[in-house]
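> quick check, what structure comes out for this input:
(chains A and B)
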Amino acid sequence: MNEAKKKGFLRRHWIDILTVTVLAVLLCLLAYAIYERFQFAKKWDLFLEYFVENRGYNRLLTGLQNTAIIAVAGLLIGFVIGTLIAVIKVIPPYRKPTRYAQKFCTFYVAIFRGTPIVVQLLVGYYILFPIMGLTLPPVTACVVMFGLNSGAYISEIMRGGINSVDAGQLEAARAVGLPFSASMRKIVVPQAFKNILPTMGNEFIALVKETAVVGYVGAVDITKCFQDLGSNSYEYMIPYLVMALIYIVIVATIAFFVKWMERRLSRSDRRA
Amino acid sequence: MTDVHKGDIVIETKKLTKSYGSLVVLDSIDEVILEGEKVAIIGPSGSGKSTFLRCLNCMEDPTSGAVYFDGVNIADTRVDINRQREHIGMVFQSFNLFANKTVLENIMLAPVYLQTRRLRETRRKNLLRRIGNLFRRRKKPLLPVTDTRQTIEERARKKAEELLCRIGLQEKRDSYPSTLSGGQKQRIAIIRALAMNPRVMLFDEPTSALDPEMVGEVLDLIKQLAQEGMTMVIVTHEMGFAREVADRILFMYGGKIAEQGSPAELFEHPKNPRTQQFLRSVL
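You can find the predicted model right below:
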């Protein structure tokens, strides 16, 4: 019985096992080649010197903090803006102001989805804010721009979430005399939010990765910190490798929590 | 119907018309629903009976014509429809209990929200008056404020619990709707509407989405309400029920009320050939 099971496992997964083995061997070979060819040991020492002895890690901590601030605050601002836009878009367009607001929202989403985030950041930091007479520190400017940007994306997610809530829920709320705004706030949006939570997690991951460009306006994040470390020591390989590793660890952690949340939510659907 | 006083009219439609594009669903309907009356609407599917019912509280906006509720034309877009809908209970075919609220919250939500809003408005008005009084020689009296947020909630909770007791589901007060059976859901949907003390209840095929063994409990509750003198308009496919409960049956066909009369009249001696045909096919 156990034998058969083992055999079954092998038969079912031999292609996976083979792939993993081949990949592992290739990776080992590659690692060894790099180690030999690029004088890895020497570079590692150089990296350690700049990172540990010259207190490079302080800068990394600032970078981590800034990345976290920009991603989290951006997501929160984006969520508020996105929900507003999504709700405005589902108002039945009977009145003129509604239609104008909807046109504006479409325009807003088109602008922010139609240009790269780097461009938005540069335009915001070097043109828009100065014109408005604001001199924001780089990180604050990034928070604002990332909030505006993710607002556009989240609005589409949220609209999907609102559409996924049974139309009868809104009808029932309206039928007991709640106004449209209250029906949305108390009944539809909470249910929509629950539906889109996993997608929001993915949006957050995307946001974390997008923050890598904030160095363009002089904010220190993870990327910027390792870039500077590289240019100081004239040695880029190790810093960039470590940088990639840090991003992967962060994203994998968030992804784990998203999965966990998804499981929790699907359990609460069946709650007694 | 000539001996009816004007004050007794609850809902009156005048030339009520609803069309989707070129498809006319309701064709200029004039109808009056009186206080205490139980009206059942029957008819083949696609005859506009659900649409008619949904136009009575403007869930569907009429294309033209007027719907008077308590003398106010609620089809007029300038009227605050929410103020009027408070007094028109509605029960849906698919229950539509709020999925993110417990049973008790479902029942309490609207009364608490609306009363709290009214309280806030009164307080705001009082504040303005108080500011105005600084400059007035003859002071305006303040509006009376007897409630607080707590008393409103307390009252709504008490009422909700009483209603739950009435249908014998008090132990379900903290459950979520997804855990209830269809019959339980529909009965809770009915008392959710009742919690607003409506002047009239609209039932949109309340038993069509139910398993056969649960139809009875819902119909019993509706019958009880009828005996208590609640004004109601019921769209239904349950002919036996319509016959038992209703004072008046409307038979709709092709967006018009083709025939109406007392149950005995309409079921025993239908005059319209459409009615005869329909009754033959369902009875």
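> residues in the stretch 51-200 of chain B within reach of chain A, list them.
B:57, B:59, B:77, B:82-83, B:85-86, B:88-90, B:92, B:94-101, B:109-110, B:113-114, B:175-176, B:178-179, B:189, B:192-193, B:196 (Cβ under 8 Å from any Cβ of the partner chain). Bear in mind the C-beta positions are built from the backbone N, C-alpha and C, glycine included.
> buried members of the residues you listed into PyMOL, please.
Entered in PyMOL, the line below selects the buried ones among these, by 16 or more other Cβ atoms under 10 Å in any protein chain shown:
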select buried, chain B and resi 57+59+82+85+86+88+89+90+92+94+95+96+97+98+99+100+101+109+110+113+114+175+176+189+192+193+196
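> what segments of chain B are strands?
Ranges of strands in chain B, per DSSP state E, are B:9-20, B:23-34, B:38-42, B:64-69, B:72-73, B:88-91, B:200-204, B:231-235, B:248-253, B:256-261.
> so what's residue 101 up against?
All of this refers to chain A. A:Ile88, A:Ile91 (Cβ atoms under 8 Å, 6 or more residues apart in numbering or on different chains).
> wait, chain B
Shown in contact with B:Lys101 (Cβ under 8 Å, 6+ apart): A:Ile187, B:Leu109, B:Tyr176, B:Pro177.
> return the member of those residues nearest to B:Arg137.
Using Cβ to Cβ, B:Leu109 comes nearest to B:Arg137 of the contacts of B:Lys101, at 44.9 Å.
> shouldn't the closest one be in contact with A:Val176?
Yes. With contact defined as Cβ atoms under 8 Å, B:Leu109 counts as touching A:Val176 (7.5 Å).
> how about residue 182, nearest residue that isn't a chain neighbour?
In the absence of a named chain, chain A is used. Ranked by Cβ to Cβ, 6 or more residues apart in numbering or on different chains and with sequence neighbours excluded, the top spatial neighbour of A:Ala182 is B:Tyr113, at 6.1 Å.
> switch to chain B, please.
B:Leu210 (4.7 Å).
> count of residues packed around A:Ala219?
Neighbour count of A:Ala219, defined by other Cβ atoms under 10 Å in any protein chain shown: 25.
> that one against A:Cys142, yeah?
Yes. If you go by Cβ under 8 Å, A:Ala219 and A:Cys142 touch, sitting 5.1 Å apart.
> touching both of those two, which residues are there?
Taking Cβ under 8 Å, 6+ apart as the contact rule, A:Ala219 and A:Cys142 both touch A:Asn66, A:Ile70.
> for A:Ala219, list the residues it contacts.
Listed by Cβ under 8 Å, 6+ apart, the contact set of A:Ala219 reads A:Asn66, A:Ile70, A:Pro138, A:Val139, A:Ala141, A:Cys142.
> go on, A:Ile69?
By Cβ under 8 Å, 6+ apart, A:Ile69 lies in contact with A:Val139, A:Val143.
> low-confidence regions, chain B specifically.
Residue ranges of chain B with pLDDT under 70: B:1-7.
> would you map the helices across it?
Taking DSSP state H as the criterion, chain B carries its helices at B:49-56, B:81-85, B:103-133, B:149-166, B:182-194, B:212-227, B:239-245, B:263-268, B:273-282.
> near chain B, which residues of chain A?
With Cβ under 8 Å from any Cβ as the criterion, chain A meets chain B at residues A:94, A:166, A:168-169, A:171-179, A:182, A:186-187, A:190-191, A:194, A:269-272.
> helices - which of the residues you listed land there?
Applying DSSP H to the residues of chain A next to chain B, the entries found in helices are A:Gly168, A:Gln169, A:Glu171, A:Ala172, A:Ala173, A:Arg174, A:Ala175, A:Ala182, A:Pro190, A:Gln191, A:Lys194, A:Asp269.
> buried ones among the residues you listed?
Burial by neighbour count, 16+ other Cβ under 10 Å: within these this picks out A:Gly168, A:Gln169, A:Glu171, A:Ala172, A:Ala173, A:Arg174, A:Ala175, A:Ala182, A:Pro190, A:Gln191, A:Lys194.
> quick one: A:Leu207 and B:Leu250, what's the gap?
Going from A:Leu207 to B:Leu250 by Cβ to Cβ, to the nearest Å gives 57 Å.
> wait, B:Val25 sits on B:Lys18?
Yes. Here B:Val25 reaches B:Lys18: they are 4.9 Å apart, a contact under Cβ under 8 Å.
> which one's more surrounded, these two?
More crowded of B:Val25 and B:Lys18, by other Cβ under 10 Å: B:Lys18, with 22 against 19.
> nearest to chain B within the stretch 1-150 of chain A, name that residue for me.
A:Tyr94 (7.0 Å; Cβ to the nearest Cβ).
> for chain A, which element, helix or strand, carries the lowest mean pLDDT?
One helix or strand of chain A scores below all others by mean pLDDT, DSSP states H and E: helix A:40-48, with a mean of 80.
> for it, name the packing helices and strands.
helix A:222-233, helix A:237-269 (3 or more Cβ pairs under 8 Å, 6 or more residues apart in numbering or on different chains; DSSP states H and E).
> next, the buried residues of the longest one.
Read it as helix A:237-269. Across helix A:237-269, burial judged by 16+ other Cβ under 10 Å covers A:Met237, A:Ile238, A:Pro239, A:Leu241, A:Val242, A:Met243, A:Ile246, A:Tyr247, A:Ile250, A:Ile254, A:Val258.
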